[in-house]
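Enquirer: when you get a sec, could you give me coordinates for this:
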Amino acid sequence: MLGLLLVSPPRAGARPARRAARPAAASLAGGSSIVEAEPNTGPEVMRDPEILNKTEMLSLARKYATDIATALLDGERQREEAVRLRDSIKLSCIQDRLSSMKLTKKLSDDRLAASERPEIRADDLNLRHEFRGVELAHERVTELHKELLECVGESLQVTVGPGGAPEAPNSTSSAPDPASAAVEIPTVDRPPPASMYK
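Expert: Residues are numbered from 1 along each chain as shown. Just a heads-up that it's a prediction; the model follows:
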């Protein structure tokens, strides 16, 4: 059986279809060219890994590894402080983040060591892959370090309200404090004795 393909004629007043290919550059009167680009609708990217050369990737990977090691040392210092203060709640919170940071650092160190091998450096795609692994580990460790500082309480902002009393960061002075509200305790009458005999 043969199938037929029906094509309808264009409607009156319909727009013509856009061309699939656009010219890459248009010439100006001065002889220079303007490269046409599609509008960027996503969030603005500060650094695109595709435009970094090998030297920049290796340099950034080493910087990221240094930042990861610094965050890990600070986490260890915070853990030792929590042990010294015998604060088990802070210690538990810190150790949870610190163990994740150590695991992420190990993965980052493996990627960094791989980027030092000559066969990886020779292949641009493999080098970008290893660099991206170090970059993602850096982002994760930065996030975990911020959470660790929240466990310790260093990231909390305390403002002083009227009368010198500290307030929570998002509280307003007009809102009543539920902890300081006076609670009325109702009086309860004792029931009559169950038996007349004592």
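Enquirer: C-alpha from now on. contacts and neighbour counts both.
Expert: Fine.
Enquirer: by contact count, what packs against the longest helix along the chain?
Expert: Among all segments of the chain classified by DSSP state H, the helix with the greatest residue count is helix 54-85. Contacts of helix 54-85 with other secondary structure elements, assessed using 3 or more C-alpha pairs under 8 Å, 6 or more residues apart in numbering; DSSP states H and E, are made with helix 88-115, helix 124-152.
Enquirer: rounded mean pLDDT for the first one, please.
Expert: Translated: helix 88-115. In this model, helix 88-115 carries a mean pLDDT of 92.
Enquirer: after that helix, which helix or strand is next?
Expert: Reading on from helix 88-115 to the C-terminus, the next helix or strand found by DSSP states H and E is helix 118-122.
Enquirer: output the below-cut-off pLDDT ranges for the protein.
Expert: Segments of the chain classed as low confidence (criterion: pLDDT under 70) are 1-50, 154-181, 183, 198.
Enquirer: quick revisit: how about the longest helix of the chain: buried residues?
Expert: By neighbour count, and taking 16 or more other C-alpha atoms under 10 Å as the criterion, the buried residues in helix 54-85 are 54, 57-58, 60-62, 64-65, 68-69, 71-72, 74-75, 78-79, 82.
Enquirer: pretty sure Arg79 sits against Ile94.
Expert: Yes: the pair Arg79 and Ile94 qualifies as a contact (C-alpha atoms under 8 Å) at a distance of 6.2 Å.
Enquirer: leaving out the residues flanking it, which one is nearest to Ser108?
Expert: The spatially closest residue to Ser108, leaving aside those adjacent along the chain, is Val134, at 4.9 Å (C-alpha to C-alpha, 6 or more residues apart in numbering).
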